[in-house]
Every structure is written in C-alpha cells, then in structure tokens.
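Asks: only the shape, not the letters, is given here:
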C-alpha cells in the first residue's frame, strides 16, 4: 500500500513540475479538528499543509505535505505526505478524495479520505472540511479525523 501511495505522489509531483504554473494552484493552509479511535475519547488537533494542484478542466490532481499535532500532553507533531484528486462541482466548490502516508513519532499510518473545498467570493482564500481514516501500523488502533481548514491559493 505504501509503495502505491509513494508512486502516486511521485507521479503527481512530476506532473506538477512539468505543467505551466499559470494553469495550476500552489496553496498553504491552517487547519484544526477532532481525532478519535473506537472506545477512546476524542482529541483536538491543529496543523497546517502546503500543496500544489494541477488543473485539467473541471478535474484536478495534487500533492500535499502536512504537519499536525494532537493537543494532548506529551504528544509530538506528525508529518504526512498525500495525493488528492477531485472535480469542481461549481466554479467555486471542489470535491476530492485523498490518500497518504503519515510518519514521525509513534506508529506510522496510511490514510484515505475525502473532502469539500470552497473558494470565497472569487478571492484566493478558501475553506475546507475533510475526513480521514488512518490505518495504523504495529497493531495500534486505527483512528479517524475530521478537519476544518482555511487557506490561501497563489
């Protein structure tokens, strides 16, 4: 699974570099949300991401690098690399699916999820809501997260 995700990320990176910048979007965002595992209390999280999307008409593919931290005592920040693909359902709203790999302190995890992203009033600002399910390695419990973010496209 990790090999597939890494291959997709590499292919999307090459496509992003090979396509003219005027047709694409670099972006930065801040986000927060809740993470949970079955039978355990929810925990707040905060983080950020940088990404690059390649647009092809109403469809797009992109890559993203993120860092997130659970707001609990002794918790360390975790890194994530992911790819995403989606479609514009209106001129200002996109639906997308995402897959990635998360690493750092603690067990690593692959993730899948989806979200909706909305541009605010023809400006470079956007907001998004995203769900992710994390398949954790080393026998640890799988986790879920719902994230709400705001970002800037340039």
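Replies: Thanks, I have it. None of these values were measured; they are calculated from a predicted model.
Asks: can you give me the buried ones in stretch 117-124?
Replies: In terms of neighbour count (16 or more other C-beta atoms under 10 Å), stretch 117-124 has its buried residues at 117, 119. C-beta coordinates here come from the backbone N, C-alpha and C atoms, glycine included.
Asks: mean confidence score for it?
Replies: With pLDDT averaged residue by residue, stretch 117-124 scores 90.
Asks: first to last residue in it, what's the distance?
Replies: This stretch, stretch 117-124, spans 12 Å end to end (C-alpha to C-alpha, to the nearest Å).
Asks: which residues are contacting it?
Replies: Outside of stretch 117-124, the residues within contact range by C-beta atoms under 8 Å, 6 or more residues apart in numbering are 92-94, 96, 125-128, 152-154.
Asks: from the residues you listed, which would you call buried?
Replies: Neighbour counting by 16+ other C-beta under 10 Å classes 94, 96, 126, 128, 153 among the contacts of stretch 117-124 as buried.
Asks: what's the closest non-adjacent residue to the fourth one?
Replies: Okay, so that is residue 128. residue 117 (4.1 Å; C-beta to C-beta, 6 or more residues apart in numbering).
Asks: the host helix or strand of that neighbour - which strands sit beside it in the sheet, and in what orientation?
Replies: With the criterion set as DSSP states H and E, the secondary-structure element containing residue 117 is strand 109-119. Strands that pair with strand 109-119, judged by DSSP bridges, come out as strand 93-104 (antiparallel), strand 125-136 (antiparallel).
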